[in-house]
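Participant: just the structure for this:
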Amino acid sequence: TADINSNNIIINKLKNFESNIPILSEEGLIDWSIRKTWDTYWLIDPLDGTKEFINRNGEFTVNIALIENNHPIFGVIYAPAKSLIYYAIKNYGAFKSYASSKIKNLDQFKIIKTNKTQINPIRVIVSRSHPNFEFINWVENNLDNYVLVKAGSSLKFCLIAEGGADIYPRLGPTSEWDIAAGHIILE
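Facilitator: Predicted structure coming up:
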């Protein structure tokens, strides 16, 4: 129910904002034969981290990306339970704000500056809800000195962008709506 309600609100707002841009959502898939012709489209995951939402740990997000020629050019990751918003625009950087009050202008956002110094041990993000043997095996066979950092939903990408973690090996399946907004924030 939360997925569908969030999806409907987002789609209605995006259609009011710009009705000519098609929308692809995890909750409203469109056949590849149609969407492969799209040069520009909105890509949304109305509730990323369903297990985090159900467990009420606050690590679920709403992900919205604007895709142009198969690459994200704008992305937003909103963690409502944390009152936290990240966004990025291609060639302009990534930004963060605590949205505990209504955001009135973009001055409330601060640019994300990643600390680029070598960290030892390597901080490896492990999914809070999807850890598995293959992941642990990969980490143990490829890294010597590491510490695991648990995180849920697309907050994993934001954690890397801010310098709070170094790597997120994802060995299982994922979908474009799961990663597009995080991709542009990292980029």
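
Participant: partner strands of the helix or strand bottoming out on mean pLDDT in the chain, with direction?
Facilitator: Taking mean pLDDT, DSSP states H and E as the measure, the chain has strand 110-111 as its least confident helix or strand, at a mean of 72. Sheet partners assigned to strand 110-111 using DSSP bridges are listed as strand 93-98 (antiparallel).

Participant: CA atoms of the strand it pairs with as CSV?
Facilitator: C-alpha atoms of strand 93-98 as CSV (Å, rounded to 0.1, in the frame of the first residue of the first chain):
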residue,chain,number,x,y,z
GLY,A,93,27.7,18.3,-8.0
ALA,A,94,25.8,16.5,-5.3
PHE,A,95,24.0,18.1,-2.3
LYS,A,96,22.5,17.2,1.0
SER,A,97,20.0,18.8,3.4
TYR,A,98,18.1,17.8,6.5
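
Participant: and Asn57, helix, strand or coil?
Facilitator: coil (DSSP: H, G, I helix; E, B strand; the rest coil).

Participant: nope, Ser153 is what I was after
Facilitator: coil.

Participant: can you pull the contacts of the closest residue in space to it that isn't next to it in sequence?
Facilitator: Among residues not flanking Ser153 along the chain, Gly49 sits closest, at 2.9 Å (CB to CB, 6 or more residues apart in numbering). Quick note: C-beta positions are derived from backbone N, CA and C, even for glycine. By CB atoms under 8 Å, 6 or more residues apart in numbering, the contact list for Gly49 reads 59-61, 129, 152-155.

Participant: before we move on, the earlier item: what's in contact with the least confident helix or strand of the chain?
Facilitator: Residues outside strand 110-111 that contact it (CB under 8 Å, 6+ apart): 93-97.

Participant: okay, now the unreliable bits of the protein?
Facilitator: The chain contains residues with pLDDT under 70 at 99-108, 115-119, 131.

Participant: and the strands in it?
Facilitator: 23-25, 40-48, 61-68, 71-79, 84-89, 93-98, 110-111, 122-127, 146-151 (DSSP state E).
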